[in-house]
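sequence plus the predicted model coming up.
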Amino acid sequence: METPGGLKSAREMGLIGCTRCGRVWPDGTPRCGRCGHKLRSRDPKSIQKVWAWWLVGLICYVPANVYPMLQTRTLVFTQENTIVGGAVELANHGSYAIALVILVASVLIPVSKFGVVALLALSVRHRARLSARRRLQLYELVEYIGRWSMIDVFVVAILSSLVQLGSIVSVKPGPAALYFALSVIFTMLSAQAFDSRLIWDREAKNGASPAP
Amino acid sequence: MSQPLPASDRPAPSLDALIACPRCDAVYHVGTAPGINQRATCTRCHHVLIAPRQSAGKRIIAVALSVLFLVVAATITPFLAISTNGLSNRSSILDAALAFNSSGALLLLLSFALAALIVFIPALRAILVIYVLIPLVRNRTPWPGASRAFRLAEHLRPWSMAEVFAVGCAVALIKISALAQVDLGPAFWLFSILVVLVVVQDTLMCRYTVWKRLEG
């Protein structure tokens, strides 16, 4: 494939590229004539939306860690576990691998996701130390792994539907499950709201050579 | 090399020979489209732009049909069963998804959301993809609303979480095995196959080729 007159962005050529199907249209076209996707050279509200979803995601993440995720009722005791508490208990029982999966999915991925999305959003306005390529890789990583945080919610769902053995043992979902699911959904929306083309605009403005 | 004119004057006819990278907005001229099993990637950000596969259409339809069949089968047959001290319980995938329904309106909403993520969205995506691709592989004109259907299927992609649920199952199984004896139902195996197929379906698909064909 060739780059007409050197590598240029659609915006520099006075065109709009459809982010859904890649078709190129003249500037000002409201909708893509091929796939019907709404066309925007850049989404001016992109960063605002990112921060809005990011913030509600972060707000939901607090009760998700404070409230119990699971309530286990047996003949002799009732036990409530938070996300981290549940993982610690698993580790105490010797299930280190599972404890690690839970910790990675419910703590490491969400926390690093908040960090990466904030870094990306800030880098559009301010100078970034990471190259544009590196930042796009981070963005794609965040988009890909974000959904895997839902693991713990699914585990709670499976446990509470399956472990219902009358008075011997029964498991109920705790309020944290809801907050955690909401937090995952909001951070996914936050990442989706980010217009990755903004990363490269700043690069082009700074006159940095497009790395091959 | 063709240098398209600033298009404010007129919609340049060469525009449909261009492709803009959805990730970084770099514009390329698709002179000779890449052949089967070749890939065209963006030189600036390395995003895969075009990657056609041999008879991908038929294979994707086959996979989508199996996904649809497996989702239905895995939803209605028993999924996991546990027993301890003479007491037992079993649950289907839909039961698991709707596990939050007993504790308030908000959790009921969460239940429906989970059911959508695990069962309905993967099934809907399979139906949409079949609807879009059947006329294309038979070299007919696309069925009405095909581009809208494909757009919806693409939009739903990040929200189809069958494979995440599968890993959740594995974790839950190990957690339960300390408490009680766990039996895997047929749906568990169906679901495991489903997860592999969902991944295959996404890697086979060349979106550029589909859009190009839908355009006519």
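Perfect, I can see it now.

per-residue confidence for B:Gln3?
Among the per-residue scores, B:Gln3 shows a pLDDT of 36.

got the domain boundaries for chain B?
Chain B breaks down into these domains under automatic domain parsing: B:13-50, B:56-215.

right, is the one helix or strand A:Tyr179 maps to up against chain B?
Secondary structure assignment for A:Tyr179, by DSSP states H and E: helix A:175-193. Yes: on the criterion CB under 8 Å from any CB of the partner chain, helix A:175-193 is in touch with chain B at A:177-178, A:181, A:185, A:188, A:192. To be clear about C-beta, it is placed using only N, CA and C from the backbone, and glycine gets the same treatment.

and the domains of chain B: which comes nearest A:Asn81?
Checking the domains of chain B against A:Asn81 by CB to CB gives domain B:56-215 as the closest, at 10.7 Å.

for the closest one, measure first residue to last.
The separation between the terminal residues of domain B:56-215, taken as CA to CA, to the nearest Å, is 18 Å.

low pLDDT regions in the chain?
All of this refers to chain A. Chain A contains residues with pLDDT under 70 at A:1-6, A:202-212.

chain B was what I was after
B:1-13, B:102-103, B:216.

and the helices in it?
Applying DSSP state H to chain B gives helices spanning B:56-76, B:93-97, B:105-115, B:121-137, B:146-155, B:162-177, B:186-204, B:207-215.

figure out which of the ones you listed is closest to chain A.
helix B:162-177 (3.0 Å; CB to the nearest CB).

could you dump the helices of chain B to a markdown table with mean neighbour count and distance to A:Ser167?
Below are these laid out as a markdown table (neighbours: other CB atoms under 10 Å in any protein chain shown; distance: least, CB to CB, whole Å):
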| stretch | mean neighbour count | distance to A:Ser167 |
| --- | --- | --- |
| helix B:56-76 | 19 | 30 |
| helix B:93-97 | 25 | 20 |
| helix B:105-115 | 17 | 23 |
| helix B:121-137 | 21 | 37 |
| helix B:146-155 | 19 | 46 |
| helix B:162-177 | 21 | 18 |
| helix B:186-204 | 17 | 27 |
| helix B:207-215 | 20 | 54 |
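
nearest residue to the middle of chain B?
B:Arg157 (5.1 Å; CA atoms, centre = their mean).

what sits against it?
Taking CB atoms under 8 Å, 6 or more residues apart in numbering or on different chains, we find B:Arg157 in contact with B:125, B:202.

B:Phe150 versus that one, what's the distance?
11 Å (CB to CB, to the nearest Å).

just B:Trp159 next, same as before
From B:Trp159 to B:Phe150 the distance is 16 Å (CB to CB).

now B:Thr84
48 Å.

save the helices of chain B as JSON lines, and put in distance to chain A too.
Listed next are those as JSON lines, based on distance: least, CB to the nearest CB, whole Å:
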{"stretch": "helix B:56-76", "distance to chain A": "13"}
{"stretch": "helix B:93-97", "distance to chain A": "4"}
{"stretch": "helix B:105-115", "distance to chain A": "5"}
{"stretch": "helix B:121-137", "distance to chain A": "11"}
{"stretch": "helix B:146-155", "distance to chain A": "5"}
{"stretch": "helix B:162-177", "distance to chain A": "3"}
{"stretch": "helix B:186-204", "distance to chain A": "11"}
{"stretch": "helix B:207-215", "distance to chain A": "4"}
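
just send these back as CSV, with distance to A:Ser131 too.
Below are the helices of chain B laid out as CSV (distance: least, CB to CB, whole Å):
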stretch, distance to A:Ser131
helix B:56-76, 34
helix B:93-97, 42
helix B:105-115, 38
helix B:121-137, 35
helix B:146-155, 29
helix B:162-177, 31
helix B:186-204, 28
helix B:207-215, 27
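
what's the neighbour count on A:Ala176?
By the criterion of other CB atoms under 10 Å in any protein chain shown, A:Ala176 has 27 neighbours.

would you agree A:Ala118 is in contact with A:Leu55?
No: the criterion here is CB atoms under 8 Å, and A:Ala118 misses it with A:Leu55 at 10.2 Å.

quick check on the closest residue to chain B within chain A: phi, psi?
Residue of chain A nearest chain B, by CB to the nearest CB: A:Gly17 (2.3 Å). Phi and psi for A:Gly17, reported as degrees, to the nearest 10, are phi -100, psi 140.
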